[in-house]
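[1] what's the 3D shape of this:
(2 chains)
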Amino acid sequence: GAVVSQHPSWVICKSGTSVKIECRSLDFQATTMFWYRQFPKQSLMLMATSNEGSKATYEQGVEKDKFLINHASLTLSTLTVTSAHPEDSSFYICSARGNAGAVDEQFFGPGTRLTVL
Amino acid sequence: GEDVEQSLFLSVREGDSSVINCTYTDSSSTYLYWYKQEPGAGLQLLTYIFSNMDMKQDQRLTVLLNKKDKHLSLRIADTQTGDSAIYFCAEKGGSARQLTFGSGTQLTVLP
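    Take a look at the predicted model:
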């Protein structure tokens, strides 16, 4: 089956620093990638959708200058949390959709746990 | 926006059947999904059903869809301790190409 990886799996950083999270589709081409945020014991909230080579589309209430998304290739998207603060601590999950699986099927990465001190 | 709701918790005894319920509001839903999330992990697609189907069975999993009532359920037969996880239902509307998730149901399987 199609595999999506994320790196790092967890990261701890100081307040004010920037953190980059990578999302890769390992065995298929991902024309669209999604970034979700999940708070403890809560559902996934879609942050943004990115199509390869285009600017990301952000959901209402998500600051595009704080959460920078780059989808420069068909196998890689990055999420950079700029000037991170403790309230940005969360579980970030990416998913990818492309030439794998059923039509419109999304494959999810294992998630990245971000803790901002 | 569209809404998907689930009960938060379910406990069952090992060997019993589990039934996780979900309701949604989008009448134009085309696909409905069940995902499993184990602690600290991403989401694993368990099964999905197209909106013109009433039922889908896949080994221990049975999905029932009542489109009139906008009600979806996932039945897990012979529930095992390894089934303990959070189960999310999700729907995708007619024109939308993104998923709307429910709040997730924490399934606890007791020995």
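
[2] okay, and the beta partners of residue A:11?
    residue A:114 (DSSP bridges).

[3] confidence score at the nearest residue to residue B:12 once chain neighbours are set aside?
    Of all residues not flanking residue B:12 in the chain, residue B:18 sits nearest, at 4.8 Å (CB to CB, 6 or more residues apart in numbering or on different chains). (Glycine included, C-beta is placed from N, CA and C.) pLDDT, residue B:18: 97.

[4] residue B:18 contacts residue B:78, correct?
    No. Using CB atoms under 8 Å, residue B:18 is not in contact with residue B:78; the gap is 9.6 Å.

[5] who's more crowded, these two?
    Of the pair residue B:18 and residue B:78, residue B:18 is the one with more neighbours under other CB atoms under 10 Å in any protein chain shown, namely 21 against 11.

[6] list the residues that contact the more buried one.
    B:10, B:12, B:74-76, B:79, B:83, B:107, B:109 (CB atoms under 8 Å, 6 or more residues apart in numbering or on different chains).

[7] one more: residue B:101?
    A:43-44, B:4, B:35, B:88-90.

[8] how does it look with 7 Å?
    A:43-44, B:4, B:88, B:90 (CB atoms under 7 Å, 6 or more residues apart in numbering or on different chains).

[9] do the same with residue A:113
    Residue A:113 touches A:10, A:91, counting by CB under 7 Å, 6+ apart.

[10] which residues touch the nearest residue to residue B:72 once chain neighbours are set aside?
    Residue nearest to residue B:72 in three dimensions, not counting chain neighbours: residue B:22, with 4.4 Å by CB to CB, 6+ apart. Residues in contact with residue B:22, defined by CB under 7 Å, 6+ apart, are B:4-6, B:72-73, B:89, B:102.

[11] tell me what residue B:22 is bridged to.
    residue B:6, residue B:72.

[12] ignoring the adjacent residues along the chain, who's closest to residue A:22?
    Closest to residue A:22 by CB to CB, 6+ apart is residue A:7, at 4.7 Å.

[13] test my guess that that neighbour contacts residue A:23.
    No. Residue A:7 is not in contact with residue A:23 according to CB atoms under 7 Å; the separation is 8.3 Å.

[14] neighbour count: these two, which is higher?
    Legend: neighbour count by other CB under 10 Å for residue A:7 and residue A:23, higher for residue A:23 (28 against 14).

[15] for that one, what are its contacts?
    Counting by CB under 7 Å, 6+ apart, residue A:23 touches A:4, A:6, A:33, A:77, A:94, A:96, A:109.

[16] the helix or strand hosting the fourth one: how far from the chain's middle?
    Residue A:77 is part of strand A:76-81, with elements assigned from DSSP states H and E. Averaged C-alpha coordinates place strand A:76-81 at 6 Å from its chain's average position (CA atoms, centre = their mean, to the nearest Å).
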